[in-house]
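Engineer: The sequence isn't on hand, but the structure is:
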C-alpha cells in the first residue's frame, strides 16, 4: 500500500513538473512595438558626428525567423542635414534575472541616404558608415514588468525560454 501511495504521489509530482516546465507565452507584435517605441528617439555620437535615431518600425518575419527594427537617422550641423534609413539587427536574448527579452548588440545594416543637404557630407557619411558593425545599446523588446494581461503582472519563469518568431509575434516556451 505504501509503494502504491508513493507511486501515485510521484506520478502527480512528475505531471505537475511537466505542466510547469512546458508553458507557452505568445507576446503579440503590438506589445513588442509599444515597448520598442518607448526607447526612441535616442542619440549616439561617433567621432565628430552626432546621429539621432528615430521613427522605429518593427519588422517581425516568421519566414526568416528574424526581428529587425527599421530606423531613420538624422545628422545636422550649421550647413544642413543628412537623413538616412537603416535596419537594426541583433540576437534575441532573454535575461532571466530581469525577465526581459532584448535585441542584444543590435547592429546597423542596409544604410540608405534619403536626403543630403550638407555642403560637405563626406566626413559625416564616413563616420556613420564606420558605425556599421559596431554595437548599439540593447533594445528591450519585452519587459514583463509592463506586461499586464487582465490587469495582473505577468510573471515569467527565470529559466531560459525557447524563442520562436510566429505570425502573431514571439512565442516563448519555458
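Structural biologist: Ah, there it is. The model shown is predicted, which means the values in this text are computed figures rather than measured ones.

Engineer: Tell me the helix or strand right after the lowest-mean-pLDDT helix or strand in the chain.
Structural biologist: Of all helical and strand segments in the chain, the minimum by mean pLDDT, DSSP states H and E falls on helix 2-21, at a mean of 40. The helix or strand immediately downstream of helix 2-21 is strand 24-28, counting by DSSP states H and E.

Engineer: And that following strand, how far out from the chain middle?
Structural biologist: Distance of strand 24-28 from the chain centroid (C-alpha atoms, centre = their mean, to the nearest Å) equals 14 Å.

Engineer: tell me what it is packed against?
Structural biologist: Judged by 3 or more C-beta pairs under 8 Å, 6 or more residues apart in numbering; DSSP states H and E, strand 24-28 is in contact with strand 169-173. Glycine gets a C-beta too; all of them are placed from N, C-alpha and C.

Engineer: which helices and strands does the strand it packs on pack with?
Structural biologist: The contact analysis (3+ C-beta pairs under 8 Å, 6+ apart) places strand 169-173 against strand 24-28, helix 29-37, strand 162-166.

Engineer: most tightly surrounded among the ones you listed?
Structural biologist: Of all the helices and strands packed on strand 169-173, helix 29-37 has the most neighbours on average by mean count of other C-beta atoms under 10 Å, namely a mean of 17.

Engineer: And the contacts of that one?
Structural biologist: 56, 58, 60, 67, 69, 139-143, 146-147, 168-170 (C-beta atoms under 8 Å, 6 or more residues apart in numbering).

Engineer: With stretch 120-134 instead?
Structural biologist: For stretch 120-134, the external contacting residues (C-beta under 8 Å, 6+ apart) are 44, 46-49, 51, 73, 75, 77, 79, 82, 84, 107-109, 111, 113, 118.

Engineer: taking the residues you listed one by one, which sit in strands?
Structural biologist: Members of the contacts of stretch 120-134 lying in strands (criterion: DSSP state E): 44, 46, 49, 51, 73, 75, 77, 82, 84, 107-109, 111, 113.
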